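> Take a look and give me a structure for this.
(one chain, ligands or ions: 1)
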Amino acid sequence: MRYSSVTPAGKSIVLVGMMGAGKSSVGACLRQRTGLGLLDTDEIVASKFGMPIPEIFAEHGEKKFREAETEALRRVRTEEQTIIITGGGIVLRKENVEILKSQAAIVWLDGDEETLFARASRKQNRPLLQTKNPRKTFSQILGARRPLYANIANIRVDTSVLTDEEVAVAILAKLRRMNPKPESPRPG
Ligand code: S3P
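Purely as a prediction, here's the structure:
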């Protein structure tokens, strides 16, 4: 089904949250359900550098990655309602937060720490977790970021015990409650 306006004022939908929250897979479900376009800041940055994210961190450092991430966000300002998937660290820069707040309904995919860590460490593609004690590192990063996600989010969904499809359904239901327009598929 194509939604005429999924969010208040036809804003984009941005997915934020910690590594392992399921932003990419939930974003794909949302695209399927809404027919909206999809942008992924990690993919934009990787294609700019022509290499995967772990190599960007290794060869150019986190600072260059963060600069490119902000640059990617500046460019995704779009008139079209779009699903925007972000990297877990997008909330670290004030400029990023301002861009996102101005053009998107912000959805925070959260979860319990153990579940998030288990998912995040399934693949060895998270440079920030390449430490002696990845579990401890994860805990520290999550502790520092949770208040930032909470501060920016319009909607929070606990993904711990939900499938990606269930998370997508929950997001759309919450967005509809923010947006009780008569032409919405199931208003109210
Ligand atoms: C990062 C998360 C990653 C990626 C980069 C940095 C972070 O994206 O942007 O490795 O700072 O949390 P995911 O959240 O998709 O893993």
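> Return the residues of this protein in contact with the ligand.
19, 23, 42, 53, 87-89, 126-128 (CB under 6 Å from any ligand atom). Yep, even glycine has a C-beta here, placed from its N, CA and C like the rest.
> Now whichever residue of the chain sits closest to the ligand: phi and psi?
The ligand sits closest to Gly87 of the chain, with a gap of 2.2 Å, by CB to the nearest ligand atom. Here is the backbone geometry of Gly87 (degrees, to the nearest 10): phi -80, psi 160.
> pLDDT wise, what is the residue lying closest to it once chain neighbours are set aside at?
Excluding the flanking residues, the one nearest Gly87 by CB to CB, 6 or more residues apart in numbering is Asp42, at 4.9 Å. pLDDT for Asp42: 97.
> Span of stretch 83-102 from start to end?
14 Å (CA to CA, to the nearest Å).
> Report the buried residues of it.
83-92, 96-97, 99-100 (16 or more other CB atoms under 10 Å).
> which strand in this structure runs the most residues?
strand 104-110 (DSSP state E).
> and that one, C-alpha only, in CSV?
Only the C-alpha atoms of strand 104-110 are listed here, as CSV (Å, rounded to 0.1, in the frame of the first residue of the first chain):
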residue,chain,number,x,y,z
ALA,A,104,12.0,14.3,9.6
ALA,A,105,9.9,12.4,12.1
ILE,A,106,12.6,10.7,14.2
VAL,A,107,12.1,7.1,15.1
TRP,A,108,14.4,5.6,17.7
LEU,A,109,14.9,1.9,17.5
ASP,A,110,15.9,0.8,21.0
